[in-house]
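1. Here is my input; please provide its structure:
(one chain, ligands or ions: 1)
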Amino acid sequence: MFPDQVTLVDVGPRDGLQNEKQPVSAAHKIELVHRLQAAGLREIEVTSFVSPKWVPQMADNAEVMVGLKRKPGVRYSVLVPNMKGLEAALPTRPDEIVVFGAASEAFSQRNINCSIEESIERFRPVAAAAREQGLKVRGAISCAVGCPYQGEVSADEVERVVRLMKDIGVQHVGVADTIGVGTPLKVRAAMERALRHYPLHEVSGHFHDTYGQAVGNIYACLEMGIHHFDTSVAGLGGCPYAKGATGNVATEDVVFLLQGLGIDCGVDLDALVDAGDFISRVLGRKPVSRAANALLAKRVREEAPA
Ligand SMILES: CC(C)(COP(=O)([O-])OP(=O)([O-])OC[C@H]1O[C@@H](n2cnc3c(N)ncnc32)[C@H](O)[C@@H]1OP(=O)([O-])[O-])[C@@H](O)C(=O)NCCC(=O)NCCSC(=O)C[C@@](C)(O)CC(=O)[O-]
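-> The predicted structure is shown next:
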């Protein structure tokens, strides 16, 4: 049974831009967030408070957060890996923080320079302090269906991290296919393990589209009743520590799917396509979204003199 409503978290400003080699100004990032909220996105992952030596593109995190003209009803989240990140993030007033671990030891080491267990010990005080401040705490579990260093990742390995996150007070888990190798049955198996410990409304899917499977994987999740997904406008993205992985599933492609299924997500597809076109022009390339490119081409045809 499909859900009636779906919540999309646009992670384009963070996951989408973190890997860009060319500088993207804080002003352009802010403009992107404004366009996403104008298009109806109610959850936006804005930036990350990580080491600027590791991820230079997110060094302007505070500037972007304080530069936002916030829209009532929109939730703004940021990634934090440790207490230092939380302390830097708090004055910028996020609504939600995201701690990010991994189901694979090798990825945990490459991404955040510590083992899975050590990462949980880093997240423990972060989750407690954030909750004390009234912030919601989400946990992302990278490499939940495959790892660029380890290869196969089992559902048991996913469940282990889900449990650890639950134990330290993480309120929502995002099951992430970092390198886009998941197919519906594998994704289902990983999701089932998350659902053993969290209710449906506190589990989300985060899919990269490297092998063109992301929309199919989202459809499989919808069949399970999952109704919270991370997506990225214009299909921006890729993780600096997962070489070869392409962007997140494009928000435009997912909105097109949801509209076709008659599922409400509150997003105006035309305005979203404009937002994707805006950031793609800033980056000097076309959106990586089949739906966006089809809709942009249709506009050109319709505007051409007969
Ligand atoms: C986690 C650390 C910091 C550990 O890095 P470390 O080197 O182990 O940490 P450290 O505590 O030893 O500190 C080393 C230096 O970093 C500084 N530092 C320490 N913490 C911070 C902080 N919060 N903000 C700013 N600076 C910080 C600290 O002050 C020190 O500075 P120095 O004395 O050398 O000048 C590092 O590994 C890091 O920043 N990694 C970045 C990882 C990252 O952002 N990856 C991409 C996001 S995850 C992702 O994209 C996946 C996801 C979520 O989308 C889901 C999916 O698809 O899989």
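2. Break down the protein into its strands, ranges please.
-> 7-10, 43-48, 75-79, 96-102, 136-142, 172-177, 203-207, 228-231 (DSSP state E).
3. could you check the angle strand 203-207 makes with the second one?
-> Computed by axes from the mean of the first three to the mean of the last three C-alpha atoms, to 10 degrees, the angle separating strand 43-48 from strand 203-207 equals 60 degrees.
4. which strands and helices sit next to strand 43-48?
-> Contact here means 3 or more C-beta pairs under 8 Å, 6 or more residues apart in numbering; DSSP states H and E; on that basis strand 43-48 packs against strand 7-10, helix 26-38, helix 61-67, strand 75-79. Where C-beta positions appear, they are placed from N, C-alpha and C, glycine not excepted.
5. would you list these in a markdown table and tack on mean pLDDT and distance to the ligand?
-> Output for the helices and strands packed on strand 43-48, formatted as a markdown table (pLDDT from 0 to 100; distance: least, C-beta to the nearest ligand atom, whole Å):
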| stretch | mean pLDDT | distance to the ligand |
| --- | --- | --- |
| strand 7-10 | 98 | 11 |
| helix 26-38 | 98 | 16 |
| helix 61-67 | 98 | 8 |
| strand 75-79 | 98 | 6 |
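6. Tell me which of those approaches Gly216 most closely.
-> Closest approach to Gly216 among the helices and strands packed on strand 43-48 (C-beta to C-beta): strand 7-10, 17.1 Å.
7. rewinding a little: any chance of JSON lines for the helices and strands packed on strand 43-48, columns mean neighbour count?
-> Below are the helices and strands packed on strand 43-48 laid out as JSON lines (neighbours: other C-beta atoms under 10 Å):
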{"stretch": "strand 7-10", "mean neighbour count": "24"}
{"stretch": "helix 26-38", "mean neighbour count": "21"}
{"stretch": "helix 61-67", "mean neighbour count": "19"}
{"stretch": "strand 75-79", "mean neighbour count": "23"}
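8. Output the below-cut-off pLDDT ranges for the stretch 101-250 of the chain.
-> 238-239 (pLDDT under 70).
9. which residues in it form helices?
-> Secondary structure of the stretch 101-250 of the chain (DSSP state H, counting those that start in this stretch): helices at 105-112, 116-132, 155-167, 184-195, 214-223.
10. So for the ligand, which of those sits nearest?
-> helix 105-112 (4.2 Å; C-beta to the nearest ligand atom).
11. what about the closest one and the ligand, touching?
-> Yes - counting by C-beta under 6 Å from any ligand atom, the ligand is contacted by helix 105-112 at Asn111, Ile112.
12. So which bits of that helix are buried?
-> Glu105, Phe107, Ser108, Gln109, Arg110, Asn111, Ile112 (16 or more other C-beta atoms under 10 Å).
13. Up against the ligand, what does this protein have?
-> So the chain meets the ligand at 15, 18, 48-51, 54-55, 79, 81-82, 84-85, 88, 100, 111-113, 140, 142, 176, 178, 206, 239-241 (C-beta under 6 Å from any ligand atom).
14. Tell me who's in contact with Leu68.
-> Applying C-beta atoms under 8 Å, 6 or more residues apart in numbering to Leu68 gives the contacts Ile30, Val33, His34, Val46, Tyr76.
15. Go through those residues and name the one nearest Ala59.
-> Val46 (13.9 Å).
16. In contact with Phe49, which residues?
-> Met58, Asn61, Val78, Leu79, Val80, Pro81, Lys84, Gly85, Leu86, Ala88, Ala89.
17. ok, now how distant is it from Val99?
-> Using C-beta to C-beta, to the nearest Å, we find Phe49 at a distance of 11 Å from Val99.
18. list residues touching both of the two?
-> Joint contacts of Phe49 and Val99 (C-beta under 8 Å, 6+ apart) are Leu79, Val80, Pro81.
19. thought the second one was touching Leu90?
-> No - assessed by C-beta atoms under 8 Å, Val80 is found out of contact with Leu90, at 9.3 Å.
20. more crowded one of these two?
-> Using other C-beta atoms under 10 Å as the criterion, Val80 and Leu90 rank with Val80 on top: 29 against 17.
21. re earlier: of the strands of the chain, give the one that comes closest to Glu117.
-> Closest among the strands of the chain, using C-beta to C-beta: strand 96-102, at 10.0 Å.
22. May I have the strands that pair with that closest one, each with its orientation?
-> Using DSSP bridges, strand 96-102 pairs in its sheet with strand 75-79 (parallel), strand 136-142 (parallel).
23. JSON lines for these, including distance to Ala214?
-> Shown next, in JSON lines, are those (distance: least, C-beta to C-beta, whole Å):
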{"stretch": "strand 75-79", "distance to Ala214": "20"}
{"stretch": "strand 136-142", "distance to Ala214": "15"}
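24. you'd agree Asp277 is up against Ala292?
-> Yes - under the criterion of C-beta under 8 Å, Asp277 is in contact with Ala292, at a separation of 7.3 Å.
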